[in-house]
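In: here is the input, now give the coordinates:
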Amino acid sequence: MTNVRRARVGDLPDLVSLIAEHAVYEKADPPDDGLAGRLEPLLFGSPEPRLIGLVAELEEGGPVVGYATCSAEVSTWDGAEYLHMDCLFLRDGHRGLGIGELLMDGVRAEARRLGLGHVQWQTPVWNDGAIRFYGRIGATSKDKRRFFLPVR
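Out: Numbering: from 1, shown residues only. Next up, the predicted model:
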C-alpha cells in the first residue's frame, strides 16, 4: 500500500535522487551540486516552510518512488493566493498505478489546509501521459510559455 506523507530531513537524499531523475525525464540539465543543502531550509527551516514537500513511499517506511513540491503564490488577476505545484514526479515503473493521484490528493489537502481555493502547475507540452492524467483528475489547462531570465 502506497503512503504519501510530508517529506522529512532524512528524505533529502531520496528527494535529490528523484529530482535528478525528473530532470533527465524532462530533458533538462541536472541539478547543481549542493541541492540538498539548498532545499533543507526551504523544506524544513521554519514551522511553516516556504516549500512543502510530499513523498510517496511504497509502504510506510518503504522506498520513496515519487514526490511533489508546492508553495503558496499570489495571482494578481484573482487578488488571491493559490497553491503552486512546482513538481510532481514518479519513478519509471511506478506511473499508472494510482500513486500520482495520491500525490495530487496530498497537494489538494495542503491547499485546503492553507485555505487556498485552487492549485496551479505546468507540464511540458510533449508530456502526453501527464496531460492525460491531469485531464482525468479534472484539471483544465491554458496555453502559455514559461520564460527564464537570469538576474546575474
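In: CA atoms only for the lowest-mean-pLDDT helix or strand in the chain, dumped as PDB, please.
Out: For the chain, counting by mean pLDDT, DSSP states H and E, helix 128-136 ranks last in confidence among helices and strands (a mean of 91). Taking C-alpha atoms only, helix 128-136 is exported to PDB below (Å, rounded to 0.1, in the frame of the first residue of the first chain):
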ATOM      1  CA  ASP A 128       1.200  13.400 -23.100                       C
ATOM      2  CA  GLY A 129       1.000  10.900 -20.200                       C
ATOM      3  CA  ALA A 130       0.900  13.700 -17.600                       C
ATOM      4  CA  ILE A 131      -1.500  15.700 -19.700                       C
ATOM      5  CA  ARG A 132      -3.900  12.800 -19.900                       C
ATOM      6  CA  PHE A 133      -3.500  12.100 -16.200                       C
ATOM      7  CA  TYR A 134      -4.300  15.800 -15.300                       C
ATOM      8  CA  GLY A 135      -7.300  15.800 -17.500                       C
ATOM      9  CA  ARG A 136      -8.600  12.500 -15.900                       C
END
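In: strands of this protein, start to end?
Out: For the chain, the strands defined by DSSP state E occupy 3-6, 52-57, 64-75, 80-90, 119-120.
In: what's around residue 152, how many residues?
Out: When neighbours are defined as other C-beta atoms under 10 Å, residue 152 has 2 of them. (C-beta placed from N, C-alpha, C; glycine too.)
In: most packed of the strands of the chain?
Out: Comparing these by mean neighbour count (mean count of other C-beta atoms under 10 Å), strand 52-57 ranks first with a mean of 23.
In: that strand packs against which elements?
Out: Under the contact criterion of 3 or more C-beta pairs under 8 Å, 6 or more residues apart in numbering; DSSP states H and E, strand 52-57 touches strand 3-6, helix 12-25, helix 35-44, strand 64-75, helix 99-113.
In: who touches the longest one?
Out: Surrounding helix 99-113, the residues in contact under the criterion C-beta atoms under 8 Å, 6 or more residues apart in numbering are 2, 4-5, 52, 54, 56, 65-68, 70, 82-83, 85, 88, 90, 117-119, 133, 137.
In: this completes my enquiry, with thanks.
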